[in-house]
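S.K.: Model the following, please.
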Amino acid sequence: MTELIWEGKYLDAKKSAPVRIALPFQAVETVNESAQERQRTLDLLTAGQDPEWRNRLIWGDKKYVLPSLLPEFGGRVDLIYIDPPFDTGADFSYPVVIPEHEAEEETGLFVKEPSILEQKAYRDTWGRGLDSYLQWFFETVVLLRELLVEDGSIFVHLDWHAGHYAKLILDEVFGIENFRNQIAWYYYNRFAADGQNFGRKYDMIFWYSKGSKVHYRPIDEARDEPQRRLLRKKVEGVAVNVKDEDNKLVYYDQTTRRVDDVWRIPLVPPASGEFLSYPTQKPQALLERVITACSNENDLVLDCFVGSGTAAVAAELSNRRWIACDLSRFAVHTTRKRLLGIPTVRPFMVQNLGKYERQAWQAAEFAAPDDIRQRESRYREFLLDLYHATPISGHAWLHGVKRGRMVHVGPVDAPITLADVKALAAEVWRSVGQGEKAPKTAAVDVLGWEFAFELHELARQIAAEAKVEVSFKKIPREVLDKRAVEQGDIRFFELAALTMDMKVRKRDAVLTIKDFVLPSEDLPEEVRRAIRHWSQCIDYWAVDWDYKVDTFHNQWQTYRTRKNQTLGTTAEHTYEKAGHYTILVKAIDILGNDTTKAIDIEVS
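M.R.: Numbers count the residues shown, from 1 in each chain. Next comes the predicted model:
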């Protein structure tokens, strides 16, 4: 057969293969799960049995997510829909709403540029032009095919930028004999400006099956106007016209038509309740048609470029199981909010690859099989270099110095804890002024991948008592990528701080947000000017009223919507039993980043 060749497709006369590192997923949140359901899950796990199915919302790069899904879901996904990048940087940008503070204020809007991680993914996809895109697309669909059941289907949504190239790759991976349709999604309500070409008003959706058998259910849609048709019936296997008792032909009004490969579905109008201001948002009607035609209830649907969450929402409303993934943290947050807007939404999990991905990276990047201490040293030196700090030796907790401040580098597989901060504060004081590279002031920057929930306020209090200035810096996930490192795309941001007020009266608890500090260096200048009150920085917050030091169980939440920009700052809960409880609060800011805080209470 005819084969499309591009630079990088073959290495040493063999096709380049996708990454196949299977890493365990970490559950970072369960949403809409009752206390009874939570306990049942724990009981099943304790008994060594598989817990009941939970739909999954996964934050991560599909380069690692897809191979990590294979051990559990290889050959088990019934339907895949993907809407990958079309060759435009805007695929990773999105508008961020700055909510009003006072009623008379106007809601602001700015475009959130791609994060470093999203820019990295864009470079991987289009960095070498069409060649790198084709390799990226080829590796993706190879893994997706392996996830499908034998009678499963995949729908690949593209446009004029790369659709014709993608068709040849899909022919190669799935077999030209398994090509079913090239569907034209005609969005007739889009304004097409005059130019040197006909207006572009449709996308193409390629439908392939994995094998010769496929699930397909024909769909009828309403006609714009009824059409008069001859009534016909079969007589001895032949269709003949029906006549009445006067021998006159019988007619009827046909109000529906069978859906063909031109889908006339409008773009989501800005005035509709479905509209999210998300650049790549697709209409819910489009995904509902795909899901209805090519899957049954309780089938498993996968979208690894979920964006605004339309596929997950359509699958949820159609009573399908679903797995939704995206590289963008903001896309995951947007999808979570849309799902919570469904009154009957079933419990689902939010997952990532977390520390397991970092452990695999550390072992591969700083390999020293005979000396673990040497591997740890190489790892710390690498991060100190990215942070532009100078390595120092002779200390247990202090690893470098930068601009007169000491620097601590946290491990890949454990959070920074309060005990760590206490030890750091003590060692900082012993080191001040001791030696040529020693700091002149008692200050330390703490670099960490994760931080204990209660750390921010308590650690600062302890550091203040010890007269040590401490700053907590998040190690960005981008350090795992060589290309991002080589191009200098690494920034360490300071942690946000959440201040809560807790009132307990017998078994009633009242929780109120009193302050939220988002470091100004994380915000564009136009955002800093627009924000008049700290509450404008929060888009969503949720509470686990009985945190068990496992997964955050979202038992209460409030969030802003397009229709209602108001955000409540108080949550109330009544406990059934007296005792000690840990409350965990999660706040998500307007950029999609989350901040957590733990509070211990006694209920009488």
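S.K.: hey, let's count contacts and neighbours off CA atoms from now on
M.R.: Will do.
S.K.: any idea how far residue 466 is from residue 422?
M.R.: Computed with C-alpha to C-alpha, to the nearest Å, the distance linking residue 466 and residue 422 is 9 Å.
S.K.: Can you give me the neighbour number for residue 196?
M.R.: If you count neighbours by other C-alpha atoms under 10 Å, residue 196 ends up with 6.
S.K.: cool, and residue 309?
M.R.: Per other C-alpha under 10 Å, the neighbour tally for residue 309 reads 26.
S.K.: what's near enough to touch it?
M.R.: With contacts defined as C-alpha atoms under 8 Å, 6 or more residues apart in numbering, the neighbours of residue 309 are 324, 331-332, 334-336, 338.
S.K.: Would you convert those into a markdown table that also reports pLDDT?
M.R.: Formatted as a markdown table, those follow (pLDDT from 0 to 100):
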| residue | pLDDT |
| --- | --- |
| 324 | 98 |
| 331 | 86 |
| 332 | 89 |
| 334 | 89 |
| 335 | 93 |
| 336 | 92 |
| 338 | 93 |
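S.K.: From those residues, pick the one nearest residue 557.
M.R.: Within the set of the contacts of residue 309, residue 336 lies nearest residue 557; the separation is 11.2 Å, counting by C-alpha to C-alpha.
S.K.: mind checking which helix or strand that closest one is in?
M.R.: Per DSSP states H and E, residue 336 falls inside helix 329-340.
S.K.: Which other helices and strands does that helix contact?
M.R.: For helix 329-340, the contact count by 3 or more C-alpha pairs under 8 Å, 6 or more residues apart in numbering; DSSP states H and E identifies strand 55-59, helix 310-317 as packing neighbours.
S.K.: Next, the angle from that helix to helix 310-317.
M.R.: 20 degrees (axes from the mean of the first three to the mean of the last three C-alpha atoms, to 10 degrees).
S.K.: Tell me the gap between helix 329-340 and the middle of its chain.
M.R.: Once both centres are worked out by C-alpha atoms, centre = their mean, to the nearest Å, helix 329-340 turns out to sit 8 Å from its chain's centre.
S.K.: continuing past it, what's the next helix or strand?
M.R.: Scanning the chain past helix 329-340 towards its C-terminal end, the next helix or strand to appear is strand 348-352 (assignment: DSSP H and E).
S.K.: got the contact list for that following strand?
M.R.: 25-33, 54-60.
S.K.: Which strand or helix spans residue 490?
M.R.: Counting by DSSP H and E, there is no helix or strand that carries residue 490.
S.K.: what about it, how many neighbours?
M.R.: The tally of other residues near residue 490 (other C-alpha under 10 Å) stands at 19.
S.K.: and what of residue 222?
M.R.: Neighbours of residue 222 under the rule other C-alpha under 10 Å: 12.
S.K.: What's opposite it in the beta bridge?
M.R.: For residue 222, the beta-bridge assignment (DSSP bridges) gives partners residue 256.
S.K.: Same question for the one 10 residues further on.
M.R.: Note on residue 232: beta-bridge partners by DSSP bridges are residue 241.
S.K.: Pretty sure it sits against residue 239.
M.R.: Yes - contact status for residue 232 versus residue 239: in contact at 6.2 Å, counting by C-alpha atoms under 8 Å.
S.K.: Among these two, which residue is more densely surrounded?
M.R.: It is residue 232, of residue 232 and residue 239, that has more neighbours when counted by other C-alpha under 10 Å, with 15 against 11.
S.K.: contacting residues around the more buried one?
M.R.: With contact set as C-alpha under 8 Å, 6+ apart, residue 232 has these partners: 239-242.
S.K.: Against the centre of this protein, work out the most remote residue.
M.R.: Seen from the C-alpha centroid of the chain, the residue lying at the greatest distance (C-alpha atoms, centre = their mean) is residue 246, 66.9 Å away.
S.K.: and that residue, that's in a strand?
M.R.: No - secondary structure of residue 246, determined by DSSP: H, G, I helix; E, B strand; the rest coil: coil, with no strand assignment.
S.K.: From residue 204, how far off is it?
M.R.: Applying C-alpha to C-alpha to residue 246 and residue 204 gives a distance of 50 Å.
S.K.: ok, now residue 155?
M.R.: 10 Å.
S.K.: need the helices for the stretch 451-600 of the chain, in chain order.
M.R.: Taking DSSP state H, counting those that start in this stretch as the criterion, the stretch 451-600 of the chain contains helices spanning 455-465, 482-486, 525-530.
S.K.: Pull the lengthiest helix in the chain out as CSV, backbone CA atoms only.
M.R.: Longest helix in the chain by number of residues, with DSSP state H as the criterion: helix 130-147. Once non-C-alpha atoms are left out, helix 130-147 reads as follows in CSV (Å, rounded to 0.1, in the frame of the first residue of the first chain):
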residue,chain,number,x,y,z
LEU,A,130,5.0,18.7,9.9
ASP,A,131,7.6,15.9,10.5
SER,A,132,7.3,16.1,14.3
TYR,A,133,3.5,16.4,14.1
LEU,A,134,3.2,13.3,12.0
GLN,A,135,5.5,11.3,14.3
TRP,A,136,3.6,12.5,17.3
PHE,A,137,0.2,11.6,15.7
PHE,A,138,1.5,8.2,14.6
GLU,A,139,2.7,7.2,18.1
THR,A,140,-0.6,8.4,19.6
VAL,A,141,-2.9,6.3,17.3
VAL,A,142,-0.7,3.2,17.6
LEU,A,143,-1.4,3.2,21.4
LEU,A,144,-5.0,4.1,20.9
ARG,A,145,-5.6,1.2,18.6
GLU,A,146,-4.2,-1.2,21.3
LEU,A,147,-6.7,0.2,23.8
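S.K.: elements contacting that helix?
M.R.: Going by 3+ C-alpha pairs under 8 Å, 6+ apart, helix 130-147 lies up against helix 62-73, helix 116-126, helix 163-174.
S.K.: Name the stretch from those helices where average model confidence is lowest.
M.R.: Out of those, helix 116-126 stands lowest, with a mean of 49 (criterion: mean pLDDT).
S.K.: and the two most separated of the contacts of strand 348-352?
M.R.: Pairwise distances across the contacts of strand 348-352 peak at 23.0 Å for 33 and 60 (criterion: C-alpha to C-alpha).
S.K.: between these two, who's got more neighbours?
M.R.: In this comparison of residue 33 against residue 60, neighbours counted by other C-alpha under 10 Å, the higher total goes to residue 60 at 21 against 17.
S.K.: Contact partners for the more buried one?
M.R.: Residues 325-328, 352-353 are the ones in contact with residue 60 under the rule C-alpha under 8 Å, 6+ apart.
S.K.: if we go to 6 Å?
M.R.: For residue 60, the contacting residues are 326-327, by C-alpha atoms under 6 Å, 6 or more residues apart in numbering.
S.K.: Would you mind measuring from it to residue 327?
M.R.: To residue 327, residue 60 is 5 Å away according to C-alpha to C-alpha.
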